[in-house]
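Colleague: Kindly generate the corresponding structure for this input.
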Amino acid sequence: MTVFSELRMRPATAAATGWNASTTARLVMAGAVIFMLLVGANLATPLYPLLQARMGLGSLEITGAFASYVLALVATLLLAGHWSDHIGRRAALLVAVLTGLAGGWIFSEAQTLAALCAGRALQGAAVALATGASAAALRELLPSRPEWASRFTLLASSGGVAAGPVIGGVLSLLPGATTAPYYVHSALLAALLVPLYLIRARPAITLPAHSRPLHALAPRRPSVSQQARGAFWLASGVGFLSFAVFGFCLSLAPGYFAQVLDTQSRPLVGMLAGLPLGASALSQLMSVRGRFAVPAGLAVLGVSVLLLGAAGTWHSPVLLVAAAAAAGLGQGVAFRTVFNEVAGKVEPARHAQIISTVYVITYLGSAVPVLGLGMAGSIFGTTTAVQGFVLVCGAAALVLSAAVTLAGGVRRTC
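Modeller: Predicted coordinates for the structure are as follows:
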């Protein structure tokens, strides 16, 4: 079955051709695509100070460029989050890679704020197209191990977001600080097109009616089954809050971290910006169980975020590093538990659609609060705005932790 047949939503032919990849190879491919797209989407984190100086941008413009990525991601999740259920996982991932390549090229060559936003928007659309497809593919490849499917999904996504700033900082030392990272990344991302094209695709889980095939791709109103509703809203709330913290780390935090550490080293700043995401990714390898794993993780996140603000006040590099790592660990434990809970309750035919809807609310946490932070920074100054931001986020995490505790924690269903 060719990619073009999948995009036209035609039934699989009897004589299947292509690379009959093993389950392990398919797992690697599904994880590699979302990992590489998220690396590319976050290469810019340590480059923002350079772009600010070169283009004369303020904190509001930088957070606007960052938010354009998130808003495009959210819009695409709403409009096309269910597409892989109908065109197939392979076709959705291939289109995502092509879109990501276009976004990276536009961003790397940008000379204006509008071009920056356009490149970031395409990168957001690429990540959105791959999010539901990758998560659903991993779930289908591990039908008897749903918890590990969730772990792999979050490991690939958190790991990609964490690695992006570090790789961007290191590659920015090459000639052409703001373009070299994208040239290297584009070459590696393009290499994924070869196995994606050659692999023997599995049939789409829900083929549309032959008379109206495009009707299946029309935007769907977000909806969740009754049995998954409670888990859905808890996962969305935890995701929104934690990604507000991550959005700060990936937008204005590099400048804030540079002030605390009194350094201009882009690799070091990129490493610190990605540290919470890296800790979150590593937490997927930990076996933290129990009904109160979620409130405990949220409590650790809340206290750690408050300590990030204290580290800036006291100019303590040690406290900054420790708080950033602890925030990622707490978030990883809490979000993995609630994500696994909702994934286990969703019917297979709507898995990509519902998981995409969870990410809609989650990624809004990276846009709305961070835009508010950028506006506050332009009015009151970055330091004052950051202190207020961490107070609000830390308090919200502690309140949510208390609410989940009073509700009796989260019972495991799979």
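Colleague: My understanding was that residue 366 contacts residue 246; is that so?
Modeller: Yes - the pair residue 366 and residue 246 passes the contact test of CB atoms under 8 Å, sitting 6.4 Å apart. Backbone N, C-alpha and C define where each C-beta goes, glycine included.
Colleague: count of residues packed around residue 102?
Modeller: 17 (other CB atoms under 10 Å).
Colleague: For the closest residue to residue 262 other than its chain neighbours, give me the pLDDT.
Modeller: With sequence-adjacent residues excluded and distances taken as CB to CB, 6 or more residues apart in numbering, residue 262 is closest to residue 315, at 8.0 Å. With respect to pLDDT, residue 315 scores 83.
Colleague: Repeat that for residue 254.
Modeller: Per the predicted model, pLDDT is 76 at residue 254.
Colleague: what sits against it?
Modeller: 45, 46, 48, 49, 165, 269, 270, 272, 273 (CB atoms under 8 Å, 6 or more residues apart in numbering).
Colleague: Same check on residue 396?
Modeller: Applying CB under 8 Å, 6+ apart, the residues contacting residue 396 are 241, 302.
Colleague: For whichever strand or helix holds it, what is the distance to the chain centroid?
Modeller: In the assignment (DSSP states H and E), residue 396 maps to helix 382-406. The gap between the average C-alpha position of helix 382-406 and the chain average comes to 21 Å, counting by CA atoms, centre = their mean, to the nearest Å.
Colleague: do the same with stretch 235-254
Modeller: For stretch 235-254, the distance to the chain centre is 10 Å (CA atoms, centre = their mean).
Colleague: what do you get for stretch 258-269?
Modeller: 24 Å.
Colleague: Give me the average confidence score over that stretch.
Modeller: Stretch 258-269 comes out at a mean pLDDT of 81.
Colleague: end to end, how far does that stretch reach?
Modeller: Using CA to CA, to the nearest Å, one end of stretch 258-269 lies 6 Å from the other.
Colleague: Of all the residues in it, which ones are buried?
Modeller: Of the residues in stretch 258-269, 258, 260, 261, 266, 267, 268, 269 count as buried by neighbour count, 16 or more other CB atoms under 10 Å.
Colleague: List the contacts of that stretch.
Modeller: With CB under 8 Å, 6+ apart, stretch 258-269 has contacts from 46-47, 49-50, 165-166, 168-170, 172-173, 177, 254, 257, 272, 311-312, 315-317, 320, 382-383.
Colleague: Cheers, nothing more for now.
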